[in-house]
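Q: Sequence and predicted model, in that order:
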Amino acid sequence: MLALKLIALIVWIYSIWVLNRTRLHFFKFCLGSVGLFFFLMIWVQPHITQPLTMAVAAGSGVLGDLSGMYDSYYKYSILFIPKETATVSLAIDYECSGVIEIMAYSCMLWFFPLYNTFEKLILNSIGIIVIFCANILRIFVICTLIYFFGNEIFYFAHTIFGRIIFYLLSIALYFYVFTRNQIIRQKVGNFTYGDSNQ
């Protein structure tokens with residue numbers, strides 16, 4: 001299996017090299033982003049998921065302590081929301097870690113042809129922080145709704161409302177990093193966007 005993965009990696013790198021030499025930037029972006037995501041999920045994701053879930057639980061715990069609505073046991077990636085009848089536990093797992101969203105953003109950014117290496121390093125760091133904080137806010141909203149309305153609202157809070165908040169913040173990040181700056185830098189005619197002269 002390892003040999004197959006290494007062959008796939010070599011073929012991917014060679015394909016990126018060919019697409020770069022032929023200046024097929026769109027195909028390089030697509031193949032590069034998807035390929036990098038695939039290899040990160042194979043080799044990196046298993047090693048960072050657990051520390052990331054603990055970090056999300058710890059960060060969410062800070063808001064829980066400040067609000068007094070729930071307690072965090074970050075070593076076990078668990079949040080406890082006290083209720084009058086019973087305590088509701090919320091486990092921060094693979095889905096709640098944000099690892100997929102962080103890797104997807106990073107892979108797209110590193111093959112996006114707009115920025116130089118230094119800009120990509122800065123935007124990658126900022127993006128990871130924004131996605132991490134958006135995930136913590138999502139967990140806090142879920143816990144807040146459960147605290148006030150009970151375990152019956154868990155499905156709505158987790159599956160619908162929390163995700164809406166998380167993805168709205170993610171869309172804002174993607175708009176700023178990918179869409180807005182591309183419009184500003186393409187310099188087509190007299191079109192400008194916002195404070196592009198700064």
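A: Good, I have the coordinates.
Q: Could you check the helix or strand of the chain with the lowest mean pLDDT and say which residues are buried?
A: The helix or strand of the chain with the poorest confidence is helix 181-186; it has a mean of 82 (mean pLDDT, DSSP states H and E). By neighbour count with 16 or more other CB atoms under 10 Å, helix 181-186 contains the buried residues 181, 184. Bear in mind the C-beta positions are built from the backbone N, C-alpha and C, glycine included.
Q: again, but for stretch 151-158
A: Buried residues in stretch 151-158, defined by neighbour count with 16+ other CB under 10 Å: 154, 157-158.
Q: would JSON lines of these with pLDDT, secondary structure and distance to Val34 be doable?
A: Formatted as JSON lines, the buried residues of stretch 151-158 follow (pLDDT from 0 to 100; DSSP: H, G, I helix; E, B strand; the rest coil; distance: CB to CB, whole Å):
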{"residue": "Phe154", "pLDDT": "88", "secondary structure": "helix", "distance to Val34": "34"}
{"residue": "Ala157", "pLDDT": "93", "secondary structure": "helix", "distance to Val34": "32"}
{"residue": "His158", "pLDDT": "90", "secondary structure": "helix", "distance to Val34": "28"}
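Q: now, which of the residues you listed sits nearest Thr117?
A: Nearest to Thr117 among those is His158, at 38.1 Å by CB to CB.
Q: Please name the nearest non-neighbouring residue to the closest one.
A: In this structure, His158 finds its nearest non-sequential neighbour in Ile142, 5.3 Å apart by CB to CB, 6 or more residues apart in numbering.
Q: any weak-confidence spans in this protein?
A: Scanning the chain for pLDDT under 70 picks out 85, 187-198.
Q: circling back to that earlier point, return the member of the buried residues of stretch 151-158 nearest to Ser97.
A: Ser97 lies nearest to His158 out of those, by CB to CB, at 14.1 Å.
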